[in-house]
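Chemist: sequence isn't available, so here's the structure alone:
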């Protein structure tokens, strides 16, 4: 801690603490949308809980998506040595989008068949991924912000990785005009792909393998 | 901080910060279920507060149970040197369960005599312990994630420790069909046992004693 | 971070992060009790805001009291090298009391003239200080948890410091039977004394002065 | 961590963690003011969302303003080596103002045309900047709290920087008597200036350039 304060530039630790705080709170606030029924309905408490399914579904999807964004933030900042004003403000903009997620999730949970709710959710998450792309682009430019030199192949792969979401979101929104269920299906499948395909994790694993040899 | 960034692998510090954030918020959100009466009832304010007792009871139990899970997470991650994608996602799944606790507690506080509420609460907490078991199993496998070699006896003891909860929960749910009060009693006694029996604490104490000799 | 993981015992950093998280959230949640009027009353918006004064007063007092407890926790843990199971559980109990503060504050803000509300608030804060006393007593015992040897005079002074609150609270509650305003006055003056008289701060300042000589 | 505990004085890390926690929660709580419509109005869901615009505007402005305060806190504490009682209490007072921001924002979002709401918002943010000035003044005095000697030119520039806001706020409140929209415009433009003009960032960049030569 004291050591990093000597550096000629601001270390990234507080931006990371703020990020972890924002994600922890946003992930937890999602659950406030699951409300306990005031009165037990005709179908009993089990029936009341079953009726919550659209909210439970958006809760699960949103939690996983936030997990993906948190992990991406963690991985990107793994390479950061110092932050400057632009990087801080790109992050604050990113956090603003993150804090809007519970609102978007709440909207989708309340109106799962409304094109407006589906589009709002998709546009927000797509913009967040685009912002991730911009942050990565800014960081990997020659600005002295990185802790080490990065493999140019990794730099490119992560860029494409960030663009995957924004590329698919318009399709998901378009599908909503045909059938809203199809859009929700895309929102469900997309995170799964991001969990399975992770260029940074693969890169670090290869580095370890290379070292072990 | 800067030092850990040189490691060929992601350090565990941000996952720990996220965990601490999630637990801190979830523990605090529990209290939102204790609502101040809008109007003072016939029994006076003291009577209104006394009427809150089922919510107070679930608040206390849930807080203690979350304390147990937090401490278990802290102890398990005490041995972790680096995290990989699988470990991160097992944790995010674990956090999802943790954030559902206030909902389960709220349900139980509102309907302490409903088998559905008792079962939901027990199943959630049982699944969380099972997930703890999986995380421990994954970590202690030969994956290069640990900071030191671990005593195989400790590894086994902690596994059994994680399985205790899931083993008892079906009993607690079964008892609910006889008398819901008996189930709540099990939920009350089980945490007490977990506080008293802690294999990791015992192991570290023995290490210290060995060193002092 | 990695360094502390080699220690034969659990470092205190995660307990401190959890504490900071709990305090940050509890301090922020207090503000949720100040609700924006749905409709502007006859006295205009300024009149509506003025009518919030009992809630604003309990908000300010509670925030300051929580600040005192947080600072005390920070100061006590400044001397801690490692934590054990008992210390962790004493802390979790302490955090439980801390998370109840918004409820007690909300009760007092809604019913500033009710003896029950005044007593509940005072008893909670008194118990928290008592728990602080127990934590300090446990820590300063010969348990190998401290980072350095402590001046026995400081140990004794801090003990008395923790007992000050619990000693005055019964008086404040007793006064409520005469006039509730007098109790609130005690709750207002007591924190001011704790801000002004801080044995740990004085001790560290003396250490620095001794070094400078 | 352990290292900083040997210092004769309290390190700033826990005050920074508390600050990051408070900011993370306050920034996230702002979004709770955007409520999903219970019933879709005549203009459809899109119309309902459009009707939220005053709340969205205050949300965006407040988030950015909090970002400015967080970044200023981060930058100021970049130079801090240790904290004392006065610095801690100035910070707790600062955090109290920060936690009031969601209330002020909620008031402004609900009553964007009320002079009282505009004044409350402006006075709160102005007082926070004034407090920032006091903290900076206290820190840069000869109290042994800084990590290095600071350039006196920087010290003076940051002082002026903190006074900019409080100087403009009375103007913004005065304008509200003419046209409330003009006040909101000032609240919108002011943050933009603070993002663009940042003396600490410029100072650190110059230090780096000097080193590179």
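Modeler: Okay, I see it. Keep in mind that this is a model prediction, so the values were computed, not measured.
Chemist: what residues does chain A have near chain C?
Modeler: With CB under 8 Å from any CB of the partner chain as the criterion, chain A meets chain C at residues A:21, A:24, A:25. All C-beta atoms are positioned from the backbone trio N, CA, C, and that covers glycine.
Chemist: and chain B, which of those residues contact it?
Modeler: A:21, A:24, A:25.
Chemist: of the residues of chain A next to chain C, just say which sits nearest to residue B:144.
Modeler: Proximity of the residues of chain A next to chain C to residue B:144 was ranked by CB to CB; the top entry is residue A:24 with 27.5 Å.
Chemist: how about the closest one, what does it touch?
Modeler: B:18, B:20, B:21, B:22, B:24, B:25, C:21, D:24 (CB atoms under 8 Å, 6 or more residues apart in numbering or on different chains).
Chemist: 7 Å - rerun?
Modeler: Listed by CB atoms under 7 Å, 6 or more residues apart in numbering or on different chains, the contact set of residue A:24 reads B:18, B:21, B:22, B:25.
Chemist: ok, of these, which come out buried?
Modeler: With burial judged by 16 or more other CB atoms under 10 Å in any protein chain shown, the buried subset of the contacts of residue A:24 is B:18, B:21, B:22, B:25.
Chemist: what about residue A:53, distance to residue A:44?
Modeler: Going from residue A:53 to residue A:44 by CB to CB, to the nearest Å gives 16 Å.
Chemist: ignore the last one, residue A:56
Modeler: Going from residue A:56 to residue A:44 by CB to CB gives 17 Å.
Chemist: among these two, which residue is more densely surrounded?
Modeler: Ranked by neighbour count (other CB atoms under 10 Å in any protein chain shown), residue A:56 and residue A:44 place residue A:56 first, with 16 against 13.
Chemist: could I get the pLDDT score of the single nearest residue of chain A relative to chain B?
Modeler: Residue nearest to chain B within chain A: residue A:24 (2.9 Å; CB to the nearest CB). On the pLDDT scale, residue A:24 is placed at 97.
Chemist: ok, for it, nearest residue in space, not its chain neighbours?
Modeler: The shortest distance from residue A:24 to any non-neighbouring residue, by CB to CB, 6 or more residues apart in numbering or on different chains, is to residue B:21 (2.9 Å).
Chemist: what about the strand or helix carrying the one you found, distance to the chain center?
Modeler: Assigned by DSSP states H and E, residue B:21 falls within helix B:13-29. Computed by CA atoms, centre = their mean, to the nearest Å, the chain-centroid distance of helix B:13-29 equals 12 Å.
Chemist: and that helix, which residues are buried?
Modeler: Neighbour-count burial for helix B:13-29, counted by 16+ other CB under 10 Å, picks out B:13-29.
Chemist: helix A:13-29 and that one, what's the angle between them?
Modeler: Taking axes from the mean of the first three to the mean of the last three CA atoms, to 10 degrees, helix B:13-29 and helix A:13-29 form an angle of 40 degrees between their directions.
Chemist: stretch A:121-131 close to chain D?
Modeler: No - between stretch A:121-131 and chain D, judged by CB under 7 Å from any CB of the partner chain, nothing touches; the nearest distance is 11.7 Å.
Chemist: what's in contact with that stretch?
Modeler: For stretch A:121-131, contacts defined as CB under 7 Å, 6+ apart pick out A:65, A:69, A:90, A:93-94, A:97-98, A:100-101, A:104, A:108, A:162, A:165-166, A:169, A:172-173.
Chemist: try it again at 8 Å.
Modeler: If you take CB under 8 Å, 6+ apart as the criterion, stretch A:121-131 is touched by A:58, A:65, A:69, A:90, A:93-94, A:97-98, A:100-101, A:104-105, A:107-108, A:162-166, A:169-170, A:172-173, A:183, A:187.
Chemist: perfect, that will be all.
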